[in-house]
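**Q** Generate a structure from the sequence data that follows.
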Amino acid sequence: MSRTPTPTTPPDMAAEQEAHAEGFARVCGIDEAGRGPLAGPVVAAAVILPAGYELPGLNDSKKLTAKKREALYEALMADDAVQKSIAQATVEEIDELNILRATHLAMRRAAEGLPGGVDFCLIDGLPVPGFPLPSRSIVKGDARCLSIAAASILAKVWRDHYMQELHRQFPAYGFDRHAGYGTKAHMQAIREHGATIHHRRTFAPVTQLELPLG
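**A** A predicted model of the protein is given here:
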């Protein structure tokens, strides 16, 4: 990508337009959430936006407040013109494959889950080896590419909702506050109660606590 936006430049659809100009009709943006936590799945979303799409405030999910992310999530989910797919790789798959490969698996599942298929994928971050669809990786794509920004919001909020549901099942761990990240309170909860089936057993902070896992 030739355009290098300033930090205040909002994401746009230049990357999607470039892909269309290259002959790809259905172009999606892909992003993930949940690579770093000690618990819960890694989640990816794929989004195809209609031409000329506008949604005020749509941006990289990390630049938004939780309230704003929720509002944008609801708007994206309610808009039938926005084609979207959300997928995950489970804790078991993370432990079996490693987090990077599990993340790529979730991305592939999200892309392949889009209704009507997809011709080209714009993926946030570094290149994804062996990705089964034509694609281009864009570093900081969630701040540059509008469909990736939309995907970042869907992945982040969907995962937050998932972790809030886990909190109702395991209230002692505070999943509703930290979404599984290794906060001081979360680490203390693992020390006191042990790890749940939703903790990533191959992640060193979990295993180093030397507590029964399960």
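
**Q** What helix or strand is Ala46 located in?
**A** Using DSSP states H and E, Ala46 sits within strand 42-48.

**Q** what helices or strands is that strand leaning on?
**A** With contacts taken as 3 or more C-beta pairs under 8 Å, 6 or more residues apart in numbering; DSSP states H and E, strand 42-48 sits against strand 27-33, strand 83-89, helix 99-112, helix 146-169. For glycine as for every other residue, the C-beta is placed from the backbone atoms N, C-alpha and C.

**Q** Also compute the angle for the first one relative to strand 42-48, please.
**A** Same thing as strand 27-33. Using axes from the mean of the first three to the mean of the last three C-alpha atoms, to 10 degrees, the inter-axis angle of strand 27-33 relative to strand 42-48 is 160 degrees.

**Q** how about the CA coordinates for strand 27-33, as CSV?
**A** C-alpha atoms of strand 27-33 as CSV (Å, rounded to 0.1, in the frame of the first residue of the first chain):
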residue,chain,number,x,y,z
VAL,A,27,-13.3,-8.0,-1.1
CYS,A,28,-13.3,-8.4,2.6
GLY,A,29,-11.3,-7.1,5.5
ILE,A,30,-10.2,-9.5,8.3
ASP,A,31,-9.0,-8.8,11.8
GLU,A,32,-8.7,-10.8,15.0
ALA,A,33,-9.1,-10.3,18.8
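
**Q** circling back to that earlier point, what are the pairing partners of the strand holding Ala46, and which direction each?
**A** strand 27-33 (antiparallel), strand 83-89 (antiparallel) (DSSP bridges).

**Q** list the helices and strands the helix or strand hosting His20 packs on?
**A** Assigned by DSSP H and E, His20 belongs to helix 14-21. Applying 3+ C-beta pairs under 8 Å, 6+ apart, we find helix 14-21 packed against strand 27-33, strand 120-124, strand 135-138, helix 146-169.

**Q** Off-centre distance for it?
**A** Relative to its chain's centre, helix 14-21 lies at 22 Å (C-alpha atoms, centre = their mean, to the nearest Å).

**Q** What angle do strand 42-48 and that helix make with each other?
**A** Here helix 14-21 points in a direction 60 degrees away from that of strand 42-48 (the same axes, to 10 degrees).

**Q** As CSV, could you dump the C-alpha coordinates of helix 14-21?
**A** Taking C-alpha atoms only, helix 14-21 is exported to CSV below (Å, rounded to 0.1, in the frame of the first residue of the first chain):
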residue,chain,number,x,y,z
ALA,A,14,-8.6,2.8,-0.8
ALA,A,15,-7.4,-0.8,-0.3
GLU,A,16,-10.8,-2.2,-1.3
GLN,A,17,-10.9,0.0,-4.3
GLU,A,18,-7.4,-1.1,-5.4
ALA,A,19,-8.5,-4.7,-5.1
HIS,A,20,-11.6,-4.0,-7.2
ALA,A,21,-9.4,-2.3,-9.8
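
**Q** buried stuff in that helix?
**A** Ala15, Glu16, Glu18, Ala19, His20 (16 or more other C-beta atoms under 10 Å).

**Q** Check the spatially most central residue of the chain and give its pLDDT.
**A** In the chain, the residue lying closest to the centroid (C-alpha atoms, centre = their mean) is Glu32, at 2.1 Å. For Glu32, the pLDDT comes out at 98.
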